[in-house]
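Undergrad: below are the sequence and a predicted model for it; my questions follow.
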Amino acid sequence: MKSIYISFVFLWVATFCNAQQVVLDKEKLLEFYQNQRYAEAATYLNSIYPSETNDVKVLGQIAYCNMMAGKLVDAEKNYQRINEIQPKQIPILFNLANINSRRGNNKNAMLYLQEIIALDSANFNALKRLADYTDSLALKVRYLQKANKLNATEADVAYDLAAGYRKLKILQPAYDVLKIAIAADTGNFVLQQALLPVANQLNKYNEVVNVGEKLLKNGADANVVADVAKAYFFLKNYKKAISLYQMLEKTSMQTESTLYFTSLCFRELKNYDQAASYAKQTITEGISPNIAAYYNLLGGIYEEKQLFTAAGNAYKKGLEYQVNKNSYYRLGLLYDLKLKQTKSALAYYNLYLKSKELDKDDEPQVEYVKGRLSELKR
């Protein structure tokens with residue numbers, strides 16, 4: 001196979017040289033290609049041919065070498081030159097789109113892809129790439145629908161289209177698209193996994209269990225576990241659902257939703273203590289760990305506006321969710337300096353000093369609070 005490849009490259013080089021009627025070191029150029037030394041090949045070709053050449057074959061080969069060498073700016077200039085000389089060539093437009101994509105300029109990449117679509121409205125690859133680049137969900141789905149119509153068994157397009165349908169809450173088409181692609185590739189676990197949440201939402205619980213249990217044999221993916229557990233819940237197999245949900249807990253992969261359904265399972269089994277315990281965990285999981293900081297932010301804003309009572313309420317609200325040294329400190333300052341309520345100030349200052357969160361960075365505040373306590377107690 002290698003000898004055939006070398007013969008082909010040698011033949012191409014020979015043809016290339018004869019077509020240009022210039023003196024090339026064919027062995028040197030062939031060596032560059034064989035060893036993938038594309039930057040050196042581009043430099044060598046540029047040394048042979050004038051920079052102002054309009055020969056698209058020469059420009060195309062130099063552009064390709066630059067692109068393969070990662071010299072994207074030079075490659076883009078070469079391909080743009082070809083596009084000016086011989087416009088509307090789909091391979092050239094694709095190369096320009098690829099280069100712009102690699103350079104992070106998706107806007108320009110889309111323009112080149114749209115040119116391709118204008119030339120060939122049934123170009124699957126262009127439609128697929130356009131869907132990747134657009135930020136509009138509706139437009140993304142339209143591109144994917146056209147691509148899927150051209151090739152309904154292509155897995156990536158089927159997956160992305162189904163995901164788009166799900167976001168738009170169009171469930172049956174999402175299910176149908178995935179089923180067709182899965183029928184063409186029954187071993188595609190990615191497509192099967194994507195099917196589970198859609199099937200759950202369509203109340204196809206037995207199918208979720210059948211497909212999901214097979215997937216679990218290939219590894220306990222957290223999303224699969226959650227989808228299968230939910231299907232078991234709706235099939236009223238609460239013990240099986242609990243066993244799966246608790247698998248997630250053992251690996252710290254539980255979510256607000258999985259804890260919620262675990263609580264429901266225990267409630268259905270009339271195990272009210274466990275149901276209550278998981279309900280509390282659900283509440284905790286649903287609350288941001290930063291909520292105390294958010295209420296401190298709100299309290300600070302109220303203080304700036306001279307709304308001291310509202311500020312105090314905000315700080316206290318944060319403490320309902322999480323014990324926080326900063327909340328105690330701010331409440332102490334508020335009652336001490338703004339509201340002039342000594343008793344409350346003393347209480348919050350003391351709570352601040354007793355906080356287990358204090359560290360070296362808090363030493364200036366700690367010294368200040370101790371000083372204020374001494375003065376307030378006089």
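TA: Sure, I can see it.
Undergrad: which non-adjacent residue is nearest residue 302?
TA: Among residues not flanking residue 302 along the chain, residue 311 sits closest, at 3.7 Å (C-beta to C-beta, 6 or more residues apart in numbering). Bear in mind the C-beta positions are built from the backbone N, C-alpha and C, glycine included.
Undergrad: for the strand or helix carrying that neighbour, packing partners?
TA: According to DSSP states H and E, residue 311 maps onto helix 308-321. Counting by 3 or more C-beta pairs under 8 Å, 6 or more residues apart in numbering; DSSP states H and E, the packing neighbours recorded for helix 308-321 are helix 291-304, helix 325-333.
Undergrad: need those helices in JSON lines (columns: distance to residue 100, mean pLDDT and mean neighbour count).
TA: Putting the helices and strands packed on helix 308-321 into JSON lines (distance: least, C-beta to C-beta, whole Å; pLDDT from 0 to 100; neighbours: other C-beta atoms under 10 Å) gives the following:
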{"stretch": "helix 291-304", "distance to residue 100": "41", "mean pLDDT": "94", "mean neighbour count": "17"}
{"stretch": "helix 325-333", "distance to residue 100": "48", "mean pLDDT": "94", "mean neighbour count": "23"}
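Undergrad: out of these, which comes closest to residue 40?
TA: Closest approach to residue 40 among the helices and strands packed on helix 308-321 is made by helix 291-304 (56.6 Å; C-beta to C-beta).
Undergrad: ok, residues contacting the closest one?
TA: With contact meaning C-beta atoms under 8 Å, 6 or more residues apart in numbering, helix 291-304 is reached by 288, 308, 310-312, 314-315, 317-319, 321-322, 324, 326-327, 330, 334, 338.
Undergrad: run the last query once more with 10 Å
TA: With contacts defined as C-beta atoms under 10 Å, 6 or more residues apart in numbering, helix 291-304 is touched by 288, 290, 307-327, 329-331, 333-334, 338.
Undergrad: quick revisit: relative to helix 291-304, how tilted is the helix holding residue 311?
TA: Computed by axes from the mean of the first three to the mean of the last three C-alpha atoms, to 10 degrees, the angle separating helix 308-321 from helix 291-304 equals 170 degrees.
Undergrad: who touches helix 308-321?
TA: 284, 287-305, 307, 324, 326-335, 337-339, 341, 344, 348, 351.
Undergrad: mind listing what's buried along the helix or strand where residue 175 lies?
TA: For residue 175, the element it lies in under DSSP H and E is helix 171-184. For helix 171-184, the neighbour count (16 or more other C-beta atoms under 10 Å) marks 171, 173-175, 177-179, 181-182 as buried.
Undergrad: what sits up against that helix?
TA: Contacts with helix 171-184, where a contact means C-beta under 10 Å, 6+ apart, come from 141, 144-145, 148, 151-168, 188-202, 204, 207, 211.
Undergrad: can you rerun that using 8 Å?
TA: Contacts for helix 171-184 (C-beta under 8 Å, 6+ apart): 148, 152-155, 158-159, 161-163, 165-166, 188, 191-192, 194-195, 198-199, 201-202, 204.
Undergrad: repeat that for stretch 328-347.
TA: 296, 299-300, 303, 308-309, 311-312, 315-316, 319, 348-349, 351-352, 355, 365, 369, 372-373, 376-377.
Undergrad: cool, stretch 206-220 as well?
TA: Contacting residues not belonging to stretch 206-220 are listed as 189, 192-193, 195-196, 199-200, 221, 224-225, 227-228, 230-232, 235, 247 [C-beta under 8 Å, 6+ apart].
Undergrad: tell me the one among the buried residues of helix 171-184 nearest to residue 48.
TA: Closest to residue 48 out of those is residue 181 (49.1 Å), distances taken as C-beta to C-beta.
Undergrad: what's the nearest residue to the closest one if we skip its chain neighbours?
TA: In space, residue 181 is closest to residue 158, 3.5 Å off (C-beta to C-beta, 6+ apart).
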